[in-house]
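[1] this one's sequence-less:
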Ligand code: ADP
Ligand code: MG
């Protein structure tokens with residue numbers, strides 16, 4: 001079972017990973033965006049980490065709801081409201097249970113991903129974070145490791161696509177040949193589930 005501390009560790013691991021990869025995320029956002037994705041997310045996840053350290057919420061749902069709210073108020077850009085919606089909707093789906101299982105987490109992230117698609121209007125293949133999140137959610141029923149691999153494959157597979165949503169879509173065909181920064185950060189978020197599970201989880 002996954003308790004509030006697991007969800008806090010997940011957000012803390014995501015913050016560490018975004019810190020490590022911020023330059024790369026911003027570099028990916030340079031040819032097909034405005035070179036701020038890494039710094040946007042770094043600001044947001046640092047705020048999340050600090051708030052959760054100071055006063056950790058008591059339930060898994062409350063951890064995700066608070067994280068989502070903070071991302072909306074600190075990240076800015078297109079990705080702030082979208083990631084905020086992902087986590088807030090997932091948190092709502094978990095309700096006020098003290099512990100949830102992997103299946104409930106998968107359902108919650110499915111609901112969150114659906115809410116992101118509704119808010120942003122993107123579908124799979126539009127070269128956005130959705131291209132990492134949808135395959136990750138599909139694989140989450142198998143294992144966290146399977147979800148991490150699926151998200152990473154989904155992010156890499158955005159390279160040959162032409163963007164149909166977000167800033168990159170203004171470039172038309174010139175968006176082809178670059179990996180989407182948001183799909184890349186979504187893969188980091190999913191990979192952080194393994195960090196939160198402890199050293200054994202990556203070897204499933
Ligand atoms: P901005 O584009 O406002 O500078 P960021 O650079 O932080 O925001 O985030 C860009 C990422 O947001 C893109 O790489 C893409 O994955 C994601 N994104 C943008 N628009 C949408 C959308 N409508 N639906 C889903 N994801 C989107
Ligand atoms: Mg940007």
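    Received, thanks. Keep in mind that this is a model prediction, so the values were computed, not measured. Ligands and ions are numbered 1, 2, ... in the order given.
[2] count of neighbours near residue 78?
    18 (other Cβ atoms under 10 Å). (Each C-beta comes from the backbone N, C-alpha and C, glycine too.)
[3] tell me what the longest helix belonging to the chain is packed against?
    Ordering each helix of the chain by length in residues (DSSP state H) puts helix 4-28 first. Using 3 or more Cβ pairs under 8 Å, 6 or more residues apart in numbering; DSSP states H and E, the elements in contact with helix 4-28 are helix 37-54, helix 60-74, helix 181-197.
[4] For residue 178, give me its contacts.
    Neighbour list for residue 178: 28, 31, 32, 159, 168 [criterion: Cβ atoms under 8 Å, 6 or more residues apart in numbering].
[5] my bad, should have said residue 139
    146, 147, 149, 150, 151.
[6] Against residue 147, how distant is the residue lying closest to the third one once chain neighbours are set aside?
    Which is residue 149. Nearest residue to residue 149, sequence neighbours excluded (Cβ to Cβ, 6 or more residues apart in numbering): residue 139, at 7.3 Å. Look at residue 139 and residue 147: by Cβ to Cβ, to the nearest Å, they are 5 Å apart.
[7] what's the spacing between the residue lying farthest from the centre of the chain and residue 127?
    Distance from the centre of the chain peaks at residue 173, with 26.1 Å (Cα atoms, centre = their mean). Going from residue 173 to residue 127 by Cβ to Cβ gives 12 Å.
[8] Ok, residue 84 next?
    In terms of Cβ to Cβ, residue 84 sits 21 Å off from residue 127.
[9] Return the nearest residue of the chain with respect to ligand 1.
    The nearest approach of the chain to ligand 1 comes at residue 182, 1.9 Å away (Cβ to the nearest ligand atom).
[10] Could I get the contacting residues of that residue?
    37, 78, 79, 82, 128, 129, 132, 166.
[11] one more time with 7 Å, if that's ok
    37, 79, 128, 129 (Cβ atoms under 7 Å, 6 or more residues apart in numbering).
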